[in-house]
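Engineer: next comes the sequence, and after it the predicted model I'd like to discuss.
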Amino acid sequence: MKRRIKSSRIVTPDEVIDGYIVFENGKIESIGSEEWDFDGETLDYGDFIVTAGFVEMHIHGSNGSDFLNSGVEEMIAGCDLLYSHGVTTICPTVTSAPFADMKRGLLAIEEIMKGDSTKATVAGAHMEGPYLSPAQCGAQNTDFLTPPIEDEYLPLLKEHGDAIARWSYAPELDDGSFAKALREYGVVPSAAHSNAIYDDMKRAMECGLNTVTHLYSCTSTVTRSGGFRRLGVIETAFLEDSLTVEVIADGCHLPVDLIKMVIKIKGCDGIMLVSDAMPITGLDVTEGELTGISYIVEDGVCKLRDRSAFCGSIALPEQLFRTAVATGATLPEISKMMSLNAAKVLGLANKGALKVGYDADIVILDGEYEVVRVFGSRDCE
């Protein structure tokens, strides 16, 4: 069915348009401000925000589904809950665990990708670990952390690389072989849970690293060696324009002023807003466990039980959007950070923006930034 959405706030990558967006069969056909005769359904959303469907790069689950060890049906339910909140493209995160368990989670995600049971597009798994630094473990279980093991990762990449979108690892643990292998099989390498210094990051970048996972969360900063200062992951991310960074925008992990600083330094083209949300997201529960790590929900965020650190968020996409609004970013800038930049990192050429010829992944938000309607290219009825 051909449809036309009317709104005074249609958000494109460059401007906000007062007009119409027409789509059919999962594709955007036109966007413009002129009135014309239309043989189809017109949906008038007044001054509601019409923006590109959100691309979620980093989330551990929702609706009680754990993307590491839940069954396929539970994972689909988790993806569909996120879809109802505007996530039209998702990379389910497989957290550090025994490698066999991580592989099992990946295979479930791969099965979902091959079917048509989810309304959201599953772009591939995000493997977070187990090749992470114990010194920057955060809520990762140190029992499972290890330097890269070729006999583990290479067979997995050969057999299931198409189902892996991104792999987060600590660059200082790699001589470059792991990052090169990821690129060979079309997987995006990302620095995470890392004590890397600039030399480590430069080596990784030469081997294909181009993103940083949750900047400021378990990422190294300036250190000294014999009195000489060395850049960490954070400063490298600011120095190198080629690095796109994740920011957990739940309003807790990073305060709004810090996010404003990241935007000032990296620009809105270099940032991806993520939730890093836990499986209990969307449920009215106050505690949980992930890979043997227990956590509680307090002050709107998941904390380790001893309250020594955060271990993930419970933020749905609307919260990320509100946090971005609080920074003073414009709607086109927010759309880039919520959608387009992640789509570019993932190599999804026709997603992440309201543009003619792009997939019709469209989200409608009301004046309180609550999602009121989602149109997805996989949900074309």
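Structural biologist: Here it is on my side, so go on.

Engineer: residue 234 should be in a strand, yeah?
Structural biologist: No. Using DSSP: H, G, I helix; E, B strand; the rest coil, the assignment for residue 234 is helix, not a strand.

Engineer: and stretch 269-285, which residues are buried?
Structural biologist: Buried residues in stretch 269-285, counting neighbours by 16 or more other CB atoms under 10 Å, are found at 270-282. (C-beta placed from N, C-alpha, C; glycine too.)

Engineer: from those residues, which is closest to residue 309?
Structural biologist: Distance to residue 309 across these (CB to CB) is lowest for residue 276, with 12.8 Å.

Engineer: which residues does the closest one contact?
Structural biologist: Applying CB atoms under 8 Å, 6 or more residues apart in numbering to residue 276 gives the contacts 58, 59, 60, 93, 214, 217, 246, 248, 250, 253, 312, 313.

Engineer: what of residue 124?
Structural biologist: 91, 109, 113, 162, 163, 164, 165, 166, 346.

Engineer: one more time with 10 Å
Structural biologist: Neighbouring residues of residue 124 by CB atoms under 10 Å, 6 or more residues apart in numbering: 90-92, 106, 109-110, 113, 160-166, 186-188, 346.

Engineer: and the most centrally placed residue in the chain, what element?
Structural biologist: Most central in the chain under CA atoms, centre = their mean is residue 57, positioned 1.8 Å from the mean C-alpha point. Using DSSP states H and E, residue 57 sits in strand 54-59.

Engineer: put the alpha carbons of that strand into CSV.
Structural biologist: Only the C-alpha atoms of strand 54-59 are listed here, as CSV (Å, rounded to 0.1, in the frame of the first residue of the first chain):
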residue,chain,number,x,y,z
PHE,A,54,16.8,4.0,15.1
VAL,A,55,19.8,1.8,14.6
GLU,A,56,20.8,0.2,17.9
MET,A,57,24.4,-1.0,17.9
HIS,A,58,24.8,-2.2,21.4
ILE,A,59,22.1,-3.8,23.5
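
Engineer: one step back: show me the buried residues of stretch 269-285 that map onto strands.
Structural biologist: 271, 272, 273, 274 (DSSP state E).

Engineer: and of these, the nearest to residue 119?
Structural biologist: residue 274 (20.1 Å).

Engineer: which residue lies closest in space to that closest one, excluding its sequence neighbours?
Structural biologist: In this structure, residue 274 finds its nearest non-sequential neighbour in residue 58, 4.0 Å apart by CB to CB, 6 or more residues apart in numbering.

Engineer: for that neighbour, give me the pLDDT.
Structural biologist: Note for residue 58: predicted pLDDT of 97.

Engineer: buried residues of the biggest helix by length in the chain, list them for me.
Structural biologist: In the chain, assigned by DSSP state H, the helix with the most residues is helix 99-114. Buried residues in helix 99-114, counted by 16+ other CB under 10 Å: 99, 101-103, 105-113.

Engineer: same check on stretch 325-338?
Structural biologist: Here stretch 325-338 shows 327, 329, 331, 332, 333, 334, 335, 336, 337, 338 as buried, counting by 16+ other CB under 10 Å.

Engineer: end-to-end on that stretch?
Structural biologist: Stretch 325-338 has an end-to-end distance of 12 Å (CA to CA, to the nearest Å).

Engineer: residue 7 and residue 368: what is the separation?
Structural biologist: 16 Å (CB to CB, to the nearest Å).

Engineer: same check, this time on residue 233
Structural biologist: Taken as CB to CB, the span from residue 233 to residue 368 is 36 Å.

Engineer: neighbour count for these two, which is higher?
Structural biologist: residue 233 (31 against 8; other CB atoms under 10 Å).

Engineer: which ones are touching that one?
Structural biologist: Going by CB under 10 Å, 6+ apart, residue 233 touches 136, 170-172, 191-198, 200-201, 212-213, 215-216, 218-221, 243, 245.

Engineer: of those residues, select the buried ones using a PyMOL command.
Structural biologist: Selection of buried members from these for PyMOL, criterion 16+ other CB under 10 Å:
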select buried, resi 136+170+171+172+191+192+193+194+195+196+197+198+200+201+212+213+215+216+218+219+220+243+245
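
Engineer: next step: the contacts of residue 233 restricted to helices.
Structural biologist: Short answer: these in helices (DSSP H) are 198, 200, 201.

Engineer: nice, that's everything, thank you.
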